[in-house]
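[1] Okay, structure incoming, though there's no sequence with it:
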DNA sequence: ACTTAACCGAGACGGTACGTCTGGTCTTACA
DNA sequence: TGTAAGACCAGACGTACCGTCTCGGTTAAGT
């Protein structure tokens, strides 16, 4: 992530000189980092603590991550991201969108919600961390929503004058608002109401296509 | 603010024994705190720095504020809050709402935007700070919006099945989303589009009452 | 001790105006001070602690004592000094001297020994304290010894060329040396040996007049 | 000095892992500490000040010294102790003793006298400091005197019934008494009188072996 | 009885230093 | 060259006391 080195790859035998990076070490560090995050939250997340639990040196951590924030973000993503990409495309883009948002909200309701809270907070103070979290975690989710919205737009399900970019913010914004500011619940009922209001304002017909409420 | 002691209550003039709190000191501390926040942001905001600039002792700060976060929030509010209450009620609640949101966005576009970003971030780590910021700054703004929405609801301008609480989150959420996460601009065009989408989804007729776009 | 005011004295009825000093308060402060010294030593002796235990205000303490050291010294003396003046003059000045030294050593072996240690230490850092301790406590003991020595000298019991002042230091010095530096025991055997050596070096005949060793 | 860890012991070349202690840092700290002691005395001797002047971190100081007292003692000794070991053995142990005592008194008359005063005082409050000062500075001087006394005793120059240990206290005690308590001068005349009285009391013949008073 | 002045308890104040903690860098020996 | 270990600088943290100050209220003597 920090250094590139033209990516070996030329031939199967081509290798950089010196001892190669230890993947065992990298994995141990990320695992220890995530464990600490999960057990104690970011407040007790210290580089020394991670190094000690991983049996690694602090210098090794700083060689591969620019700051403790970027380490925390990467550790979080390795553990969490896979769970968020579970929605597959169907014939109805708006239905896909609903599923995506419900899934994310479900995840944010749990332990992961507290972690994103803290990571977003960290991103305000440390720009490396903020950029990494945005580009590698938050932006991809938004992109997925944008894709669905674009398909719906192309399929004529959204009003012509709608700004898709704005619509994406209108969808995700209230969720983070409740997570970060309100601390109000983001339960299923809320998500449904949110989707209803937003799609009501954006959709063409009255057919907001909410699935039967069971 | 910190201790109550059952309030003596004998007469309205009852006073605690001992030297009373110095208002000059309190004011100097808040002023110094705000100056540092404005000049250098929260990164360089230290209790030692505030004490030194205010000509106060650190102990005095810790006597009256539980953490540096609560001090920062209070200093911010003393300086900023007055500017946000400038919207007076008119005959049209939805027009009032538009004005409120535009005004807040205008303020958040400036220096204050960075400060709320940092204070909200701080509130994630320190619950005292988070509660204070919410109860004394963020919640009052949301309440103002709720009041306008309720008036509109009562006046039949909003659809019967709308949940007003959700609607408030849908209005403010996207703004904070851009401030905290996207870092996308919250310019007037965006705010107008936001209001259009949201009120389109919530209003009864097609009359979304956007003022003529000049 | 702190203020003089021309010493009343003009007539038996002359008095300063205003509320007179409260003796109850003075006594409570000295008592509390001594209790803390005895229970916890000088390490935990704080003016705030004394004021709290005495039910007095800190200002009251600083009105009558220049520093916490002088308070400690006075509290110590009020409690200890009376025990040290118990030796009455007899026909044999050197025997009196022996009794004085043995008595002082006995007292220094106990709790009081630790307190003088700490007070002498304090006197090194704070000159008010040092002067007070010297003039009101240590010097008077030395003076008593000097008086006995002078009587012995006048009675021809000491060699003509002896310097009495030096002799006093030679008597007391080793005791404080053990209390402050060595931490070696100042038991009766040591005191006797000390007296033997010193008086052997100073007395005229071989008659060092040690009482029968029972 | 602080941790031992059973000393590896495998071979004389065994070393602890990790970065070794920086001698440059240690030397800079001791130097800065002594400079501050010499310039301002112990009153203005603060760990923060030492760290700042040495260009060291406070943590580094606390890693290697248990308290500011032990740091002060070590800094003092590194600078002063060499000057006190300048007396070489001659044929006359009592003459050596006289020289030792005169040399020490000469040193204590200067700046070092104030420092030992303050360090001894400090040793009363902090037992680590007291023990270190005693074992590494005061006791060795006393040992040197004891050695000379033992030689004199073996040579028949001291009376059979004399307790050498007591005699050492009788020699050094009065000097510290004047330094710590009296604040009386420890000039050459005093030291000579002191030695005369003490050796008169301890020596066998009348030959107290004072060098001709020129 | 009324005024005046110094007293008193309480506790907030500015200030200084404490000893702890963590972030990020540097220096060893070994692999 | 990478790694574990751990010492290093830097600097903020929150605490503890110092000695001073500012309240409201008390207690005499002098009017």
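    Okay, I see it. Fair warning: this is a prediction, and the values are worked out from it, not measured in the lab. Residues are numbered from 1 along each chain as shown, chains lettered A, B, ... in the order given.

[2] from here on, contacts and neighbour counts on C-alpha atoms
    Fine.

[3] Could you find the closest non-adjacent residue to residue A:57?
    Counting by C-alpha to C-alpha, 6 or more residues apart in numbering or on different chains, residue A:57 lies nearest to residue A:51, which is 5.6 Å off, once chain neighbours are set aside.

[4] Can you give me the distance of that neighbour to chain B?
    22 Å (C-alpha to the nearest C-alpha, to the nearest Å).

[5] Can you spell out which helices and strands pack onto the helix or strand where that residue lies?
    Assessed by DSSP states H and E, residue A:51 sits inside helix A:47-54. For helix A:47-54, the packing partners by 3 or more C-alpha pairs under 8 Å, 6 or more residues apart in numbering or on different chains; DSSP states H and E come out as helix A:23-40, helix A:58-64.

[6] what angle separates it from helix A:23-40?
    Per axes from the mean of the first three to the mean of the last three C-alpha atoms, to 10 degrees, the angle that helix A:47-54 makes with helix A:23-40 is 120 degrees.

[7] in helix A:47-54, what's buried?
    For helix A:47-54, the neighbour count (16 or more other C-alpha atoms under 10 Å in any protein chain shown) marks A:47, A:49-51, A:53-54 as buried.

[8] from memory the residue nearest to residue A:57 sits against residue A:29, does it?
    Yes - using C-alpha atoms under 8 Å, residue A:51 is in contact with residue A:29, at 6.8 Å.

[9] intersection of neighbour lists for the two?
    Counting by C-alpha atoms under 8 Å, 6 or more residues apart in numbering or on different chains, the contacts common to residue A:51 and residue A:29 are residue A:61.

[10] burial count for residue A:194?
    By other C-alpha atoms under 10 Å in any protein chain shown, the residues close to residue A:194 number 24.

[11] right, and it touches residue B:166 too?
    Yes - contact criterion C-alpha under 8 Å: residue A:194 and residue B:166 qualify, at 6.7 Å.

[12] Just checking the worst-scoring helix or strand of chain A on mean pLDDT against DNA strand E, any contact.
    Using mean pLDDT, DSSP states H and E, helix A:68-84 stands out as the lowest-scoring helix or strand of chain A, at a mean of 89. Yes - shown here: helix A:68-84 in contact with DNA strand E (C-alpha under 7 Å from any atom of the strand) through residue A:68.

[13] to the chain's geometric centre, what's the distance from that helix?
    The chain centre lies 8 Å from the centre of helix A:68-84; the measure is C-alpha atoms, centre = their mean, to the nearest Å.

[14] And stretch A:157-177, by the same measure?
    Worked out by C-alpha atoms, centre = their mean, stretch A:157-177 lies 18 Å from the chain centre.

[15] do stretch A:191-205 as well
    With C-alpha atoms, centre = their mean, you get 24 Å for stretch A:191-205.

[16] Could you pull out the buried residues of that stretch?
    A:191-203.

[17] Which pLDDT value goes with the most centrally placed residue in chain A?
    The centroid of chain A falls nearest to residue A:137 when counting by C-alpha atoms, centre = their mean (3.2 Å). Residue A:137 carries a pLDDT value of 92.

[18] isn't there a helix covering it?
    Yes - assigned with DSSP: H, G, I helix; E, B strand; the rest coil, residue A:137 falls within a helix.

[19] how far away is it from chain B?
    For residue A:137, the distance to chain B - C-alpha to the nearest C-alpha - is 11 Å.

[20] That residue: what's it in contact with?
    Here residue A:137 is in contact with A:77, A:81 (C-alpha under 8 Å, 6+ apart).

[21] The residue in chain A that chain B sits nearest to in helix, strand or coil?
    For chain A and chain B, the shortest gap (C-alpha to the nearest C-alpha) falls at residue A:201, measuring 3.3 Å. Three-state call for residue A:201 (three-state DSSP): helix.

[22] I figured it hits residue B:194, correct?
    No - with contact defined as C-alpha under 8 Å, residue A:201 does not reach residue B:194; the gap is 10.2 Å.

[23] Could you tell me how many residues sit around residue A:132?
    17.

[24] That one sits in which helix or strand?
    helix A:127-133.

[25] elements contacting that helix?
    By 3+ C-alpha pairs under 8 Å, 6+ apart, helix A:127-133 packs against helix A:68-84, helix A:111-125.

[26] and among these, the most buried is which?
    Across those, averaging neighbours per residue (mean count of other C-alpha atoms under 10 Å in any protein chain shown) puts helix A:111-125 on top, at a mean of 21.

[27] does any bit of that one sit next to DNA strand E?
    No - interface with DNA strand E: helix A:111-125 contributes nothing (C-alpha under 7 Å from any atom of the strand), its closest point being 10.4 Å away.

[28] which helices and strands sit right next to that helix?
    helix A:23-40, helix A:68-84, helix A:93-109, helix A:127-133, helix B:111-125.

[29] can you tell me which of those helices comes nearest to residue A:185?
    helix A:93-109 (7.8 Å; C-alpha to C-alpha).

[30] Flag every buried residue along that closest one.
    A:93-98, A:100-106, A:108.

[31] Next one: the residue of chain A found nearest chain D from residue A:50, what distance?
    The minimum distance from chain A to chain D, using C-alpha to the nearest C-alpha, falls at residue A:57 (10.1 Å). Per C-alpha to C-alpha, to the nearest Å, residue A:57 is found 9 Å from residue A:50.

[32] How about residues contacting stretch A:142-154?
    A:92-94, A:96-97, A:100, A:158-160, A:164-165, A:168, A:172.

[33] Take these and write them to a markdown table, including distance to chain D and pLDDT.
    Shown next, in a markdown table, are the contacts of stretch A:142-154 (distance: C-alpha to the nearest C-alpha, whole Å; pLDDT from 0 to 100):
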| residue | distance to chain D | pLDDT |
| --- | --- | --- |
| A:92 | 61 | 92 |
| A:93 | 58 | 94 |
| A:94 | 59 | 93 |
| A:96 | 55 | 94 |
| A:97 | 54 | 94 |
| A:100 | 50 | 93 |
| A:158 | 63 | 93 |
| A:159 | 64 | 92 |
| A:160 | 64 | 91 |
| A:164 | 55 | 94 |
| A:165 | 51 | 94 |
| A:168 | 50 | 95 |
| A:172 | 46 | 96 |
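
[34] Let me have those residues in JSON lines, adding distance to DNA strand E as columns.
    What follows is the contacts of stretch A:142-154, written out as JSON lines (distance: C-alpha to the nearest atom of the strand, whole Å):
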{"residue": "A:92", "distance to DNA strand E": "45"}
{"residue": "A:93", "distance to DNA strand E": "42"}
{"residue": "A:94", "distance to DNA strand E": "42"}
{"residue": "A:96", "distance to DNA strand E": "40"}
{"residue": "A:97", "distance to DNA strand E": "38"}
{"residue": "A:100", "distance to DNA strand E": "34"}
{"residue": "A:158", "distance to DNA strand E": "45"}
{"residue": "A:159", "distance to DNA strand E": "47"}
{"residue": "A:160", "distance to DNA strand E": "47"}
{"residue": "A:164", "distance to DNA strand E": "37"}
{"residue": "A:165", "distance to DNA strand E": "33"}
{"residue": "A:168", "distance to DNA strand E": "33"}
{"residue": "A:172", "distance to DNA strand E": "30"}
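
[35] which of those sit farthest apart?
    A:100 and A:160 (23.4 Å).

[36] Near the closest residue in space to residue A:69 that isn't next to it in sequence, how many other residues are there?
    Closest residue to residue A:69 apart from its sequence neighbours, by C-alpha to C-alpha, 6+ apart: residue A:129 at 5.2 Å. For residue A:129, the count of nearby residues is 25 (other C-alpha under 10 Å).
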